[in-house]
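Q: Okay, structure incoming, though there's no sequence with it:
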């Protein structure tokens, strides 16, 4: 006995638990399956209806799919109807069974009953696959000409589906669409406009995805539809004039039709001056005359604004559009404010792009026009800022996004103040992101150094807990780059902030402790400027503050590390104060960590202790830790030479100003953050790599004339030497190297110590600029490690130039009998290419092999390298895969060089020269980089 | 273009779900397009019910946008492309509710539960292939009544 649908629904609703419901459904679906197996055709449509209900509840119903097919083929309308409903719900376009329905659909499309055809069109519109679209499109097309508006509108949308599935059919139907636009029925009009929109989108997508598409097929729709702009405009006027009053919804005249026409005009007007001109008036009319008290009116205005911004509208209209959005921002409805903020962000980005393009064309006029809309936008700044106070997070996020775009050098101070205010209120997990953005704003638009430092310190005080290392390091750098006066101000301000803080603002502590260490001497005198004044702080209370910071149990290791360095530096800063008690205490504090569980702290502690001692002129011989480092060749000397003392002082002295150029480069490398904050982080695992990058920085600074360094091991020491004192003459360099090699025991430890020394002295990770070093100590600081010079030059030190090349990663040219020409290829983001040209076959002069050699001057490896090459038609090309897709940073090891061989045959050798168009793609530090360039300059006549 | 139209009650029971663009089948083969639909439906329910009244009626979800509106205990949700006009889809939902209201004369959830097939046929006269087909209330309701007469 078969249950009625109504009874099944009642039964399910009566179930009290989910288990009960499952039982009812299981029983019923078993019944239905039996019915299907036994072909009980009289209950078929009732069963499918029940299956639909079960499907909606989320139970499996796949076994009913075939039943739907059978129902569709039934001659009775009610059965057909439920069959179609079932098909549209139970089947998706991926179902194989769908194929079976093609024939039934074809039959129904030709049915004389318009409702049957309507059902079939509906099914095609919702389900058709590409195959079905191809088969059924002619039948659908017939209905486009039907006398019934009911079928014409359904056919329009069904056709839209068919054409999105098979874009290649578009051309055949363009003419039909054009005639339909004259249709008198409202439903047909709205359908045909949507059909046009869909078709245009499909066409534009194909053109975008496939650059050849336009050449092969052209843009028939775009071409045909652009001609219709005047009729669309007329239609639009007709609608706004109340031509279709029967379709009022939500209090505005026919919102859906208006919105869809506007969307279509947008597609047609973008990038087309003439079409934009034609629609200008009607857009202005809609923008000014639409009723805004209801949501429906605002929907039309919103669409209109989007169209104005997208087409080539004149300035007045653009300003009008921005003002409409400004008015939206004052609306009490959050939805409307949301779309306004969203659209404004889009506009700002578009304007920026437009401007960038205009700059390329470089015409003054266009520049001004961009300014107009932008300045209209600036007028609504306060309203946008007010949105930051909204309870809805999405609104706040949108507003924030927009504010970032609005910042320029005129309003940076007020907007940053607002951003900092918001930083206090916003959820914790957004803070880090906002800080990074504020940093970017501050970097770009800051009016002066004081403001910048002030803003950064305020930001750290508010959100030091959440700031990224990048923000912390940038703050330190900006303080260190500032004037002495500003440094004093910043340090005073920071120590005050640290004292007021509860110790949870990690970022603040890192920056503050670093500054106290570096500029501690400045705290000893009072500071005042026009607005603020700080009284002098004595050494004791500075120490107390620092001790309190590291004494907290919440203090993290990196703060402890920075503090340790700070103590060491302070003992140099305070050395002249004559306060022996404080100095003693400082050394105590440094030593306290000599038995720390943490290797890093312990290492630092011991090294710094030795440094402080060295500065005082005391020789430490007993400590085994320092023995390794310093004592290797130190024999029985009890006192240190003047030179060593000077070197130790130099190591602890104020760091030189960081070169921004180098810093920016370093910023892109993952190491930068670590090194900056960890300060003295040593990474023995990758010393060679790091050294190399320092070297490369130096190489840059010296303008390529890098000092000679015969082998990687030496190069690390060399970097150190250069970090703290540039070697002016090659001769002294050699001495130095021989010094190092004469004390081999010291070498393994040297890189680590060296790094720390360097870090303390000059923050080498930034590749300190040696030329900015005030005075050069008379003797080389390396002597501290190898006090007894042995004049035994190693053979390598005298190695000729090629060896030097090796180290700097320049491809060492193989000692080929004949020098092959080398053509310089493009270089981008640190990756450069050279093409070495050879003639593989002596007889065929047209054929040549180019060996592309990749060189990576970044500090990080480049991954996923791909080189694409295009050649003119008279050249044939054959490429081999590259020897590796990963390019390690160049330097020490030239054996790892990545090469790729390209064979080209120039068929017009002698008449035309070889040219290449290359496209480089790679991933650097997780970011995808692409670059295109042209390579020419191959020796004329030969290649 | 509309990707799907959902009608759910506050408990998350689906009362109507119409997919114009089926969801992509998960790549790891963990389910079919059908199970994926169910998953998305329950996720939509979770997102929509958690929102405060003061919040916007739009949610950015995957690579499309959800526009929802609540009428008593029922949530109407439309998923549309990111570039689509949010405000006009709010009107789309409202017009659908008005249609149901005049068809059932003062509609309630029970009407929809017991006459779900009729609700679907109203929707089919209102929307097709993810686009709006007819916006005249009178026209749609006359059509649906004519269809009913044929049964």
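A: Looks like it arrived, so ask away. None of the values given here were measured: they were computed from a predicted structure. Residues are numbered from 1 along each chain as shown, chains lettered A, B, ... in the order given.

Q: Could you use CA atoms for every contact and neighbour count after this?
A: Fine.

Q: would you list every one of the strands in chain B?
A: B:2-9, B:14-19, B:58-61, B:64-71, B:74-81, B:127-128, B:131-132 (DSSP state E).

Q: Am I right that residue A:126 sits in a helix?
A: Yes - counting by DSSP: H, G, I helix; E, B strand; the rest coil, residue A:126 is part of a helix.

Q: Spit out the contact partners of it.
A: Counting by C-alpha atoms under 8 Å, 6 or more residues apart in numbering or on different chains, residue A:126 touches A:88, A:158, A:161, B:20, B:128-130.

Q: returning to that earlier point: please identify the most buried of the strands of chain B.
A: Mean neighbour count (mean count of other C-alpha atoms under 10 Å in any protein chain shown) peaks for strand B:127-128 among those, with a mean of 26.

Q: any bit of it sitting next to chain A?
A: Yes - applying C-alpha under 8 Å from any C-alpha of the partner chain, one finds strand B:127-128 in contact with chain A at residue B:128.

Q: Please convert the strands of chain B to JSON lines, extending it with mean pLDDT.
A: As requested, these are arranged in JSON lines below (pLDDT from 0 to 100):
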{"stretch": "strand B:2-9", "mean pLDDT": "90"}
{"stretch": "strand B:14-19", "mean pLDDT": "88"}
{"stretch": "strand B:58-61", "mean pLDDT": "85"}
{"stretch": "strand B:64-71", "mean pLDDT": "90"}
{"stretch": "strand B:74-81", "mean pLDDT": "91"}
{"stretch": "strand B:127-128", "mean pLDDT": "88"}
{"stretch": "strand B:131-132", "mean pLDDT": "87"}
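
Q: Arrange the ones you listed in JSON lines, one row each, with distance to residue A:40 as further columns.
A: Listed next are the strands of chain B as JSON lines, based on distance: least, C-alpha to C-alpha, whole Å:
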{"stretch": "strand B:2-9", "distance to residue A:40": "33"}
{"stretch": "strand B:14-19", "distance to residue A:40": "28"}
{"stretch": "strand B:58-61", "distance to residue A:40": "44"}
{"stretch": "strand B:64-71", "distance to residue A:40": "41"}
{"stretch": "strand B:74-81", "distance to residue A:40": "37"}
{"stretch": "strand B:127-128", "distance to residue A:40": "33"}
{"stretch": "strand B:131-132", "distance to residue A:40": "38"}
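
Q: Of all these, which one is nearest residue A:316?
A: strand B:74-81 (30.1 Å; C-alpha to C-alpha).

Q: what are the pairing partners of the closest one, and which direction each?
A: Paired strands of strand B:74-81, with direction, are strand B:2-9 (antiparallel), strand B:64-71 (antiparallel) (DSSP bridges).

Q: wait, which of the strands of chain B is closest to residue A:140?
A: Short answer: strand B:127-128, nearest of those by C-alpha to C-alpha, at 14.2 Å.

Q: what packs against the closest one?
A: Packing partners of strand B:127-128 (3 or more C-alpha pairs under 8 Å, 6 or more residues apart in numbering or on different chains; DSSP states H and E): helix A:114-127, helix A:149-165.

Q: quick check: mean pLDDT across the first one?
A: If you average the pLDDT over helix A:114-127, you get 87.

Q: Could you check that helix and say which residues are buried?
A: Neighbour counts over helix A:114-127 (16 or more other C-alpha atoms under 10 Å in any protein chain shown) mark A:114-127 as buried.

Q: if we can go back for a sec, turn the strands paired with strand B:74-81 into CSV, including distance to residue A:418.
A: Listed next are the strands paired with strand B:74-81 as CSV, based on distance: least, C-alpha to C-alpha, whole Å:
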stretch, distance to residue A:418
strand B:2-9, 39
strand B:64-71, 30
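
Q: Could you export the helices and strands packed on strand B:127-128 as JSON lines, including distance to residue A:336?
A: Shown next, in JSON lines, are the helices and strands packed on strand B:127-128 (distance: least, C-alpha to C-alpha, whole Å):
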{"stretch": "helix A:114-127", "distance to residue A:336": "31"}
{"stretch": "helix A:149-165", "distance to residue A:336": "30"}
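
Q: excluding its backbone neighbours, what's nearest residue A:489?
A: Excluding the flanking residues, the one nearest residue A:489 by C-alpha to C-alpha, 6 or more residues apart in numbering or on different chains is residue A:527, at 6.7 Å.

Q: The one you found contacts residue A:536, correct?
A: Yes - the pair residue A:527 / residue A:536 is scored as a contact, 7.1 Å apart, by C-alpha atoms under 8 Å.

Q: Could I get the contacting residues of residue A:58?
A: residue B:38.

Q: Outside of the host helix or strand of residue A:492 itself, list whatever touches it.
A: Using DSSP states H and E, residue A:492 sits within helix A:484-500. Applying C-alpha under 8 Å, 6+ apart, the contact partners of helix A:484-500 are A:450, A:453-454, A:457, A:461, A:479-480, A:508-509, A:512, A:515-516, A:519-520, A:522-523, A:527-528, A:534, A:545.

Q: Narrow those residues to just the buried residues.
A: Judged by 16+ other C-alpha under 10 Å, buried ones among the contacts of helix A:484-500: A:450, A:453-454, A:457, A:461, A:479-480, A:508-509, A:512, A:515-516, A:519-520, A:522-523, A:527, A:534, A:545.

Q: Could you list which of these belong to helices?
A: A:450, A:453-454, A:457, A:461, A:479-480, A:508-509, A:512, A:515-516, A:519-520, A:522-523, A:545 (DSSP state H).

Q: got the angle between the longest helix belonging to chain B and strand B:2-9?
A: Counting residues, the longest helix found in chain B (DSSP H) is helix B:86-104. Going by axes from the mean of the first three to the mean of the last three C-alpha atoms, to 10 degrees, helix B:86-104 is angled at 50 degrees with respect to strand B:2-9.

Q: Now do the buried residues in helix B:86-104.
A: So for helix B:86-104, counting by 16+ other C-alpha under 10 Å, buried means B:86-96, B:98-100, B:103.

Q: which secondary structure elements does it contact?
A: helix A:255-269, helix A:295-310, helix A:334-361, strand B:64-71, strand B:74-81, helix B:116-126, helix B:137-149.

Q: Among those, which comes closest to residue A:17?
A: Comparing the helices and strands packed on helix B:86-104 under C-alpha to C-alpha, the one sitting nearest is strand B:74-81, at 21.6 Å.
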